[in-house]
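Engineer: predicted model follows, preceded by the sequence.
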Amino acid sequence: MKSHTPFAEFARICKTLESTTKRNEKVAAIASFLKSLQAEELVPAVTFLSGRPFPQSDQRVLDVGGQTLWKIDRRTNQSTLIVKPATIMDVYETFNQIAKAAGSGSRRRKEILVETLLGRITNSDVEYLMRIIFGEMRTGAVEGVILEAIALASNTPIEGIRRAYMLLGELGQTANLSLTQGPNAIQTVKVQLFVPIKPMLAEMAQDLGEVIKEHGGITALEYKYDGARIQIHGKEKSVRVFSRRLTDVTESLPDIVQLVKDRISTSSKEFLLEGEVVAIGQDDKPFPFQDLMRRFRRVREIQSMAKRIPLRLHLFDIVYLNGKMLIDEPYEERWKTLQALVGPELLATRVVTGKVEDGKELMERAIKSGHEGIMAKDLKSNYTPGVRGKKWFKIKPVETIDIVITAAEWGSGRRKGWLSNYHLGVRDDRTGGYSMIGKTFKGLTDEEFATITKKLLQIETRETKYTVYVKPLIVAEVAFNEIQRSPHYQSGFALRFARINRLREDKGPEDADTLERLTLLYEKQFEFKAKAAWMHE
């Protein structure tokens, strides 16, 4: 029997990927690597390539800190003992053991497992193990590249691979199925209850008239709720709820589970629904998104938190019902099916129209209700999991502030060679410095990435392996969705969905917005939102 693939071979592929910026060369290298693997190695190898120790929907964590790894690495590098080199499967199994370690003495057991593993990996390859552990692979092996490599390696049309991935929700499973069972198996992939699928995505739009035109003169407009998107899987009396990131959040949402059991499970045996849950405060106003996330992360005292942050469910789509997959049905038909299944009070607020005035009126109602804006959905559109396109648009008013770039990180993949993840700061008149409020790489063209990289390098003050710190001279206008409280930044705030609109060459750093204005904008949000009591604590 063929022996398992050494981890050194995985590291070699990573080095190859880093050595080229050409997409086709990356695809060819990964495809060749995949074809060399044994069946049981496919899921671990593809998972590692994507920069994760475990598949995306696997909720396990390693819980190994950076300081611990640094100490272990130093001890291991001082050792001259030669042991059997680790394989990809050895690494995966060690990760499993680390994740299982719990209780008294677990920290030391984790250290021993990591130290033993590091002792079986050469110094030149250890970096890639660390990158997996910290989720920072930075080789350009992005999702699209890996999917193309799977298609090439298995001689399967890329459309079939993408569709299978959308339904399976895991790159590793997609690779395993296509390379071990072939194109015919890929074509038969269907929705599997209690296996989350990737959600359909929407494009941003500003002009409602253009959206209506794109949708053939008529579109369905819905509230874009300030909530969390979920998918609900039900089979008889069993109900599971998954987040947008395909994480099982059932235990954190007992009220939603009970609601579905009471109102939907009784009328249907099997279903997969999509919707938004919104946290409701005083006067029926929604809590900010950040407070809703307290529910999703909760693992203790869930019932008491459910009372403090009650949730409301708004359903907007159905993709599976009683054995029938509905993703190829037009949105209009899916909505009719959903209407027949659930009561109107559980449905998203919605109008079908060809008039811009109707859309503006709905937008105004949505904003006054404390939500983000509206969605526009083509009545003829099928459901395309994981795909962003013009079938769905999101339309919402955008707030902007002027910030100063204080540092930037070197990009990977298509952005390799550019400084492209910018540290955003606002003027802090109390200290005379700039307080960080987040990061973003979104909003600029390739030409702008190249231009700003040159400008930043000219004002560099110091540099680490991935980050260049600069004099606070460049001002940018940044759009954002919401201002959140954040303990991670000195400012105490963070911008949600920050995006650079333009560089403000007409402004100097003294013209940037202040922390005081950011605080006022944060408070202004609560004109239409509820504020949790603990915010004042």
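Structural biologist: Structure received. Only a predicted model underlies this, so the values are computations on that prediction, with no experimental measurement involved.
Engineer: secondary structure element for residue 295, which one?
Structural biologist: For residue 295, the host element (DSSP states H and E) is helix 289-297.
Engineer: which ones are touching residue 359?
Structural biologist: Contacts of residue 359 were listed using C-beta atoms under 8 Å, 6 or more residues apart in numbering, and they are 208, 212, 221, 353, 374, 376, 395. Every residue, glycine included, has its C-beta placed from N, CA and C.
Engineer: mind running it again at 7 Å?
Structural biologist: By C-beta atoms under 7 Å, 6 or more residues apart in numbering, the residues touching residue 359 are 208, 221, 353, 374.
Engineer: with residue 35 instead?
Structural biologist: Shown in contact with residue 35 (C-beta under 7 Å, 6+ apart): residue 153.
Engineer: if I look at it, how far off is residue 153?
Structural biologist: 5 Å (C-beta to C-beta, to the nearest Å).
Engineer: let's verify the residue lying closest to residue 260 once chain neighbours are set aside: helix, strand, or coil?
Structural biologist: Leaving aside its chain neighbours, residue 260 sits nearest to residue 239 (5.1 Å; criterion: C-beta to C-beta, 6 or more residues apart in numbering). The three-state assignment at residue 239 reads strand, by DSSP: H, G, I helix; E, B strand; the rest coil.
Engineer: neighbours of residue 239, how many?
Structural biologist: 21 (other C-beta atoms under 10 Å).
Engineer: can you check residue 294 too?
Structural biologist: Using other C-beta under 10 Å, residue 294 has 16 other residues around it.
Engineer: if I look at it, how far off is residue 311?
Structural biologist: Using C-beta to C-beta, residue 294 is found at 11 Å from residue 311.
Engineer: shouldn't residue 389 be within a strand?
Structural biologist: Yes - counting by three-state DSSP, residue 389 is part of a strand.
Engineer: ok, it - contacts?
Structural biologist: Taking C-beta under 7 Å, 6+ apart, we find residue 389 in contact with residue 203.
Engineer: measure the nearest residue to residue 160 once chain neighbours are set aside to residue 165 for me?
Structural biologist: Nearest residue to residue 160, sequence neighbours excluded (C-beta to C-beta, 6+ apart): residue 186, at 4.7 Å. Residue 186 sits 10 Å away from residue 165, going by C-beta to C-beta.
Engineer: between those two, which is the more surrounded one?
Structural biologist: Neighbours were tallied for residue 186 and for residue 165 using other C-beta under 10 Å; the higher tally belongs to residue 165 (26 against 23).
Engineer: so the more buried one makes contact with residue 175?
Structural biologist: No - look at residue 165 against residue 175 with C-beta atoms under 7 Å: they stay out of range, at 9.2 Å.
Engineer: so what's the residue nearest to residue 160 up against?
Structural biologist: Counting by C-beta under 7 Å, 6+ apart, residue 186 makes contact with 156, 160-161, 164, 177-178.
Engineer: among the residues you listed, which ones are in helices?
Structural biologist: Of the positions in these, 160-161, 164, 177-178 sit in helices, assigned by DSSP state H.
Engineer: now, of those residues, which are buried?
Structural biologist: When these are checked for burial by 16 or more other C-beta atoms under 10 Å, the buried set is 160-161, 164, 177-178.
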